[in-house]
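Chemist: attaching a predicted model along with its sequence, questions to come.
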Amino acid sequence: MQAFSAYSDESGINVNDRYTSIAVVSGEKDILDCLRDKLANIVSAKKIKEVKFLKVTGYGSTITQAARQFLKCTLNEFACNQRVRVDIITMDNQASYCAPLDYSSKPDLEHMYYCVVSHIVRQWRNTQWNFYPDVNSKINWNEIISFLNMTRLHKKKIRNPLLIDLMFAENPRFQFNEIKQLSSVEEPLIQLADLFAGIARFSHEENTKCAQWVTTRKGKEQQELPLNLKNCANIINLAQECRYEIIRELYNLCGKHRLWVSIKSRKHLWTRKPNYPINFWDFQANK
């Protein structure tokens, strides 16, 4: 069985951050190698060090242009035909918390990682994995992997003890063969994870303003701002506006490929069908 790979990064992990997002890019190794090469070519052509969401601050900046190309490449060439998944999980840190799992004493970030990675493994239905988080993560990866390696692929209850060996044979445990933290500067797939994590967190933080921009503005030069956004234009700076546009482009790409990503009802990005390849997930720790 071929090993699949996953690359991750986070946004909003400081004490005072209202929202925390984790993005994980996953797929078959050969497919991810192809995506990596394409993203690396974008970075090289733009003569930049790396793509980071926090550096998306102006329309004309090379990082903003590269970020837009990252999204177009990922969705138009890979996610649209389910060659790659990007799962993004976001938690509201002000919401009530009651972890149901045995490792409830661990930080929320570790809990989030366990949930999103186990979901990803089950979506691909492949138990052999390698995992490459960003080098700046301060998480005890060995503990997370130990929990994952005790998890079975299918959520089945064994009803007949006489069939236990057969059931276990047909329901293997996850197996993470390698875990290695990588520098985002050297790994474009972690840059892609950073971009999606930042987008998810920003869409939660900006909420109604971002949702209105995305759903009412067809293009920068084609339609005026809605009145309520005109009235608060003085507090929408260039960086915010540029990020709204990035999210609008992502939202439209998801619509083009029928990926069931929505922003209207919840006023932030979320995916109606979590099995789809671009999965924005509202995480609730007490469920």
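Modeler: Thanks, I have it. Residues are numbered from 1 along each chain as shown.
Chemist: check the offset of stretch 59-69 from the chain's centre.
Modeler: 19 Å (C-alpha atoms, centre = their mean, to the nearest Å).
Chemist: so what touches it?
Modeler: If you take C-beta atoms under 8 Å, 6 or more residues apart in numbering as the criterion, stretch 59-69 is touched by 42-43, 46-48, 51-53, 55-58, 195, 238, 242, 245-246, 249. From N, CA and C alone the C-beta is placed, and that goes for glycine too.
Chemist: among those residues, which are in helices?
Modeler: Ile42, Val43, Lys46, Leu195, Leu238, Cys242, Glu245, Ile246, Glu249 (DSSP state H).
Chemist: please report phi then psi for the nearest residue to the fifth one once chain neighbours are set aside.
Modeler: Leaving aside its chain neighbours, Leu238 sits nearest to Gly58 (5.7 Å; criterion: C-beta to C-beta, 6 or more residues apart in numbering). Comment: the main-chain dihedrals of Gly58 come out as phi -160, psi 150, following degrees, to the nearest 10.
Chemist: quick check: Gly58 touching Ala239?
Modeler: Yes. With contact defined as C-beta atoms under 8 Å, Gly58 counts as touching Ala239 (7.2 Å).
Chemist: sort the ones in helices among the contacts of stretch 59-69 by pLDDT and name the bottom one.
Modeler: For the ones in helices among the contacts of stretch 59-69, the weakest pLDDT value sits at Leu238, with 88.
Chemist: tell me who's in contact with that residue.
Modeler: Thr57, Gly58, Tyr59 are the contacts of Leu238 under C-beta under 8 Å, 6+ apart.
Chemist: any figure for the gap between it and Leu195?
Modeler: 19 Å (C-beta to C-beta, to the nearest Å).
Chemist: of the ones in helices among the contacts of stretch 59-69, closest to Phe283?
Modeler: Leu195 (19.2 Å; C-beta to C-beta).
Chemist: who's in contact with the residue nearest to that closest one when sequence neighbours are not counted?
Modeler: Leaving out its chain neighbours, the residue that sits closest to Leu195 by C-beta to C-beta, 6+ apart is Phe53, at 5.2 Å. Going by C-beta under 8 Å, 6+ apart, Phe53 touches Ser11, Ala67, Asp194, Leu195, Ala197, Gly198, Ile199, Phe202, Arg243.
Chemist: ok, Met112 next?
Modeler: Contacts of Met112 by C-beta under 8 Å, 6+ apart are Thr20, Ile22, Ile89, Met91, Phe283, Ala285.
Chemist: need those residues in TSV (columns: pLDDT and secondary structure).
Modeler: What follows is those, written out as TSV (pLDDT from 0 to 100; DSSP: H, G, I helix; E, B strand; the rest coil):
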residue	pLDDT	secondary structure
Thr20	94	strand
Ile22	97	strand
Ile89	97	strand
Met91	94	strand
Phe283	90	strand
Ala285	60	coil
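Chemist: dump these to CSV, plus distance to Val261 and neighbour count.
Modeler: Listed next are the contacts of Met112 as CSV, based on distance: C-beta to C-beta, whole Å; neighbours: other C-beta atoms under 10 Å:
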residue, distance to Val261, neighbour count
Thr20, 20, 23
Ile22, 17, 30
Ile89, 14, 23
Met91, 19, 24
Phe283, 16, 19
Ala285, 23, 18
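Chemist: from these, which is closest to Ser118?
Modeler: Nearest to Ser118 among those, counting by C-beta to C-beta, is Ile89 at 11.3 Å.
Chemist: count of neighbours near Ser146?
Modeler: Counted with other C-beta atoms under 10 Å, residues neighbouring Ser146 total 12.
Chemist: re earlier: buried subset of the contacts of Leu238?
Modeler: Thr57 (16 or more other C-beta atoms under 10 Å).
Chemist: run the chain-centre distance for stretch 127-147.
Modeler: With C-alpha atoms, centre = their mean as the basis, stretch 127-147 stands 16 Å off its chain's centre.
Chemist: contacts for that stretch?
Modeler: Here stretch 127-147 has contacts from 1-10, 29, 103, 106-107, 109-110, 113-114, 117, 121, 153, 172-184, 187, 189-190, 193-194, using C-beta under 8 Å, 6+ apart.
Chemist: and it, end to end?
Modeler: One end of stretch 127-147 to the other measures 14 Å (C-alpha to C-alpha, to the nearest Å).
Chemist: residues contacting Ile278?
Modeler: Leu75, Ala79, Arg85, Val86, Cys254, Leu259, Val261, Thr271.
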